[in-house]
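Asker: Generate coordinates for the sequence data below:
(chains A and B)
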Number of protein chains: 2
Amino acid sequence: MNKYIELVDKKLNEYLKIEYPEDIFKSMKYTVTLTGKRLRPVMCLEACRIMGGDINKAIPTACAIEMLHAQSLIHDDLPCMDNDDFRRGKPSNHKVFGEAIAVLAGDALLSFAPQVIIEKSELSSDIILKVLHEFVKSAGAYQLIGGQVADILSENGRGKLNDSDEETLKYIHTNKTAVLFKLALKTGAIIAGAGVNEITEMENFGQKFGLAFQIYDDILDEISTFEELGKTIGKDKEAGKLTYVTLYGLDNARAKVKELIADCHNIIDKYNSDILKSILNKIVDKIK
Amino acid sequence: MNKYIELVDKKLNEYLKIEYPEDIFKSMKYTVTLTGKRLRPVMCLEACRIMGGDINKAIPTACAIEMLHAQSLIHDDLPCMDNDDFRRGKPSNHKVFGEAIAVLAGDALLSFAPQVIIEKSELSSDIILKVLHEFVKSAGAYQLIGGQVADILSENGRGKLNDSDEETLKYIHTNKTAVLFKLALKTGAIIAGAGVNEITEMENFGQKFGLAFQIYDDILDEISTFEELGKTIGKDKEAGKLTYVTLYGLDNARAKVKELIADCHNIIDKYNSDILKSILNKIVDKIK
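Answerer: Numbers count the residues shown, from 1 in each chain, chains lettered A, B, ... in the order given. Have a look, this model is predicted:
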């Protein structure tokens, strides 16, 4: 796990050179290289490995997905969105570089991430195109952005969507959170040349894990501190945001995480992956 | 020319369906489908045609470039950037949909545009990948975003870049404006299967035309009215923005446009393109 994280951090630093005009590259690099758990790229590499692939071929895609994740954090933190001043214990991007540069840094990452996949992947054109297709579908209005929009519209005072709270919450969690885990696991398997069934299994694992991870995150927002999480706490409740905890209560949320993580274990038990298993176990341990 | 514009408008409407959550798709569609001259997609189709290609194969790319252009307009108009309330005679995107949705609509277009190229182009994987590579390089921090950053930093009170005004202006015009014309003409030629020399010629044409177009735009900002342009007038001067007109004066600006347009004629005279010639002539006519 640590080997993967080091590898991803090294490559992210290598890809993101500071060029002219420096402000934009510094802003992009700032959020991308904040210390993080690198869960998505680690899962991408591990999916590639357990499907018999060469992890070196998955590194550009793994890093691109981390860049997409950073992009979504930069824009989510903007004053017109969640208006958050802290991220991973540091001032958020727009607090350091200003709103204009923060908007543009997010935009630039949305193009730089696929550029890295195209330029750095040692794969056939067909495979690169498949990976890019998954990437842009996940990043766009049908998934990641759609989830963020539904999340914003679910807040007090911003108007509601027409669906029931349960349906809206499922839509948000699937598209705002699970999407990048699914993308990471699916592209890892695609790069390894896995078959349709294996790719689908990885996608299902990503979906279940993503839902568990979001509920886990909502629980921590309720029971944790700023020091532990490195971001403002209790904001969801304050903003009247729809979360699993506000909708179903803390006990049900804990039970749901355990159920989803058990499903995840069932999917990957046959693969010999200490890394995926240890990620699953940590989630359950932390919400006790 | 009108045939091309109708075709592009029809396809843009067809690609951009309103799906759930509707706000984001409506916001994307709003700016993309505002009446415009569609110069970039028209040039993409025409470059493909004069290089002996089938324009139908260039339509997805032509539309994707128009989406990228709309994306840059949506984000440029934001309060934290140029803070412009009007675009093409209508309220700008964030005035209609709010800042959060406007930021997200721009983000979504940055992924939807390459998605359209991947899904709708009837071309080989190798050609699609070449087009995508040009697309993401142009859209990112090395070009379009870099130009926008330098533009913002050149304004009064936002701090200056280190270079001379002349160098900075050239950088901004090349990367903020010429880039999309270059991209349109170059990808049109790539899709037609043109050779390296022809592709370079199209790129040079795009560079010269782009510089001419930006200076022309700066001249209109000085001599035109809101009614004629559909956007706020005289803002560049007010913001202390670096433009060709503020740096060299109106007469020199007019002379520079004529010189660049003459260069453009020299490049494309051997190709039989009434459309490119009429675009060049209109630019010169309008600044008299």
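Asker: Next, the buried residues of stretch A:259-267.
Answerer: A:Leu260, A:Ile261, A:Asp263, A:Cys264, A:Ile267 (16 or more other C-beta atoms under 10 Å in any protein chain shown). All C-beta spots, glycine's among them, are computed from the backbone N, C-alpha and C.
Asker: And for stretch A:116-136?
Answerer: A:116-118, A:120-121, A:123, A:127-136.
Asker: Restricted to helices, list those.
Answerer: Judged by DSSP state H, the subset of the buried residues of stretch A:116-136 located in helices is A:116-118, A:120, A:127-136.
Asker: Among those, which one lies nearest to A:Phe25?
Answerer: The nearest member of those to A:Phe25, counting by C-beta to C-beta, is A:Val116 at 13.7 Å.
Asker: And the pLDDT for that closest one?
Answerer: Confidence at A:Val116, expressed as pLDDT, is 98.
Asker: what do you get for A:Glu238?
Answerer: 68.
Asker: A:Asp151 too?
Answerer: Note on A:Asp151: pLDDT of 89.
Asker: about what we covered before: ok, and of the ones in helices among the buried residues of stretch A:116-136, which contact chain B?
Answerer: For chain B, the contacts drawn from these by C-beta under 8 Å from any C-beta of the partner chain are A:Ile118, A:Ile128, A:Leu129, A:Leu132, A:His133, A:Val136.
Asker: ranges for the strands of the stretch 101-250 of chain A?
Answerer: Applying DSSP state E, counting those that start in this stretch to the stretch 101-250 of chain A gives no strands.
Asker: Spell out the residue ranges of the helices in it.
Answerer: A:125-139, A:144-153, A:165-172, A:179-191, A:196-223, A:226-229, A:235-238, A:244-248, A:250-268 (DSSP state H, counting those that start in this stretch).
Asker: any idea which of those helices is most buried?
Answerer: helix A:179-191 (a mean of 28; mean count of other C-beta atoms under 10 Å in any protein chain shown).
Asker: Now do it: which elements does it pack against?
Answerer: helix A:39-50, helix A:55-76, helix A:125-139, helix A:144-153, helix A:196-223 (3 or more C-beta pairs under 8 Å, 6 or more residues apart in numbering or on different chains; DSSP states H and E).
Asker: need those in CSV with distance to B:Arg40, can you?
Answerer: Shown next, in CSV, are the helices and strands packed on helix A:179-191 (distance: least, C-beta to C-beta, whole Å):
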stretch, distance to B:Arg40
helix A:39-50, 34
helix A:55-76, 25
helix A:125-139, 20
helix A:144-153, 24
helix A:196-223, 36
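Asker: nearest to B:Glu14, of those helices?
Answerer: helix A:125-139 (18.2 Å).
Asker: Just want the angle from the closest one to helix A:179-191.
Answerer: Between helix A:125-139 and helix A:179-191, the angle comes out at 170 degrees (axes from the mean of the first three to the mean of the last three C-alpha atoms, to 10 degrees).
Asker: quick check: mean pLDDT across helix A:125-139?
Answerer: For helix A:125-139, mean pLDDT is 98.
Asker: Can you list the neighbours in contact with that helix?
Answerer: Here helix A:125-139 makes contact (C-beta atoms under 8 Å, 6 or more residues apart in numbering or on different chains) with A:61, A:64-65, A:68, A:110, A:113-114, A:117-118, A:121, A:123, A:143-145, A:179-180, A:182-183, A:186-187, A:190-191, A:193, B:107, B:110-112, B:114-115, B:118-119, B:125-126, B:128-129, B:132.
Asker: any idea which helix or strand carries A:Leu280?
Answerer: For A:Leu280, the host element (DSSP states H and E) is helix A:274-286.
Asker: Let's have the buried residues of stretch A:259-267 in a markdown table, adding distance to chain B.
Answerer: Below are the buried residues of stretch A:259-267 laid out as a markdown table (distance: C-beta to the nearest C-beta, whole Å):
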| residue | distance to chain B |
| --- | --- |
| A:Leu260 | 24 |
| A:Ile261 | 29 |
| A:Asp263 | 26 |
| A:Cys264 | 27 |
| A:Ile267 | 28 |
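Asker: need these in a markdown table with distance to B:Val8, can you?
Answerer: Below are the buried residues of stretch A:259-267 laid out as a markdown table (distance: C-beta to C-beta, whole Å):
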| residue | distance to B:Val8 |
| --- | --- |
| A:Leu260 | 46 |
| A:Ile261 | 49 |
| A:Asp263 | 47 |
| A:Cys264 | 46 |
| A:Ile267 | 45 |
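Asker: So which of those is the closest to B:Ser27?
Answerer: Nearest member of those to B:Ser27, counting by C-beta to C-beta, is A:Leu260, at 33.1 Å.
Asker: per-residue confidence at A:Lys235?
Answerer: pLDDT recorded at A:Lys235 is 71.
Asker: Verify the stated contact: it with A:Phe86.
Answerer: No. Using C-beta atoms under 8 Å, A:Lys235 is not in contact with A:Phe86, being 10.4 Å away.
Asker: Just give me the residues shared between the contact sets of the two.
Answerer: In contact with both A:Lys235 and A:Phe86: no residue, using C-beta under 8 Å, 6+ apart.
Asker: Tabulate the CA atom coordinates of stretch A:91-105 in CSV.
Answerer: C-alpha atoms of stretch A:91-105 as CSV (Å, rounded to 0.1, in the frame of the first residue of the first chain):
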residue,chain,number,x,y,z
PRO,A,91,-6.3,26.4,3.4
SER,A,92,-8.4,25.4,0.4
ASN,A,93,-7.2,26.4,-3.1
HIS,A,94,-9.1,29.6,-3.5
LYS,A,95,-7.9,30.8,-0.1
VAL,A,96,-4.3,30.6,-1.3
PHE,A,97,-4.6,31.5,-5.0
GLY,A,98,-7.8,33.4,-5.2
GLU,A,99,-11.1,32.4,-6.7
ALA,A,100,-10.2,33.1,-10.4
ILE,A,101,-7.1,31.0,-10.3
ALA,A,102,-8.9,28.2,-8.4
VAL,A,103,-11.6,28.0,-11.0
LEU,A,104,-9.0,27.9,-13.8
ALA,A,105,-6.8,25.4,-12.0
